[in-house]
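1. Here is a sequence with its predicted model. Questions after.
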Amino acid sequence: MKNIASDIDNYISGFPIETQKLLKQMRSLIKKTVPTAEEVISYGMPAFRLHGILVYYAGYKHHIGFYPTASGIREFKAEFSEYKSSKGAVQFPIDKPLPLDLITRIIKFRVQENIRKKEINN
């Protein structure tokens with residue numbers, strides 16, 4: 001279930017209530033972890049940007065997709081064993097709680113990675 005939205009509130013509102021709850025929880029967690037990050041819609045999905053894209057997330061019929069880039073997946077691959085994952089994404093089932101601690105650690109990793117890249121490029 002993909003919907004094209006101009007902003008994140010509109011994006012989230014297009015999903016069933018249970019999916020909305022998880023998307024709002026994901027959004028809130030990212031905002032709390034990185035309050036200075038900018039929220040954007042990119043590739044039709046909610047994303048957060050700080051010195052470049054940090055993470056994307058998206059709602060689907062049976063899961064919440066989390067896209068911490070390929071480096072975020074590589075760094076935490078061992079912790080994704082109970083989830084379906086690929087080179088750049090992990091799927092969190094709609095019928096289970098989000099792994100908030102893991103997501104927080106991934107976000108913090110991505111922040112540090114983007115800060116290092118910015119310092120190298122300046």
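-> Done, it's in.
2. where's the helix or strand hosting residue 66 relative to the chain centroid, distance-wise?
-> Per DSSP states H and E, residue 66 falls inside strand 63-67. Computed by C-alpha atoms, centre = their mean, to the nearest Å, the chain-centroid distance of strand 63-67 equals 7 Å.
3. Show me what that strand is packed up against.
-> If contacts are counted by 3 or more C-beta pairs under 8 Å, 6 or more residues apart in numbering; DSSP states H and E, strand 63-67 sits against helix 17-33, strand 53-59, strand 90-93. To be clear about C-beta, it is placed using only N, CA and C from the backbone, and glycine gets the same treatment.
4. What is the helix or strand that the longest one is followed by packed up against?
-> So the one you mean is helix 17-33. Next in sequence after helix 17-33, counting helices and strands by DSSP H and E, comes strand 38-42. Under the contact definition 3+ C-beta pairs under 8 Å, 6+ apart, strand 38-42 sits against helix 8-13, strand 45-49.
5. Strand 53-59 and strand 38-42, what's the angle between them?
-> Relative orientation of strand 38-42 versus strand 53-59 (axes from the mean of the first three to the mean of the last three C-alpha atoms, to 10 degrees): 60 degrees.
6. and stretch 9-28, average pLDDT?
-> For stretch 9-28, the mean per-residue pLDDT is 96.
7. Please disregard the earlier target; I meant stretch 68-80.
-> Here stretch 68-80 scores 92 as its mean pLDDT.
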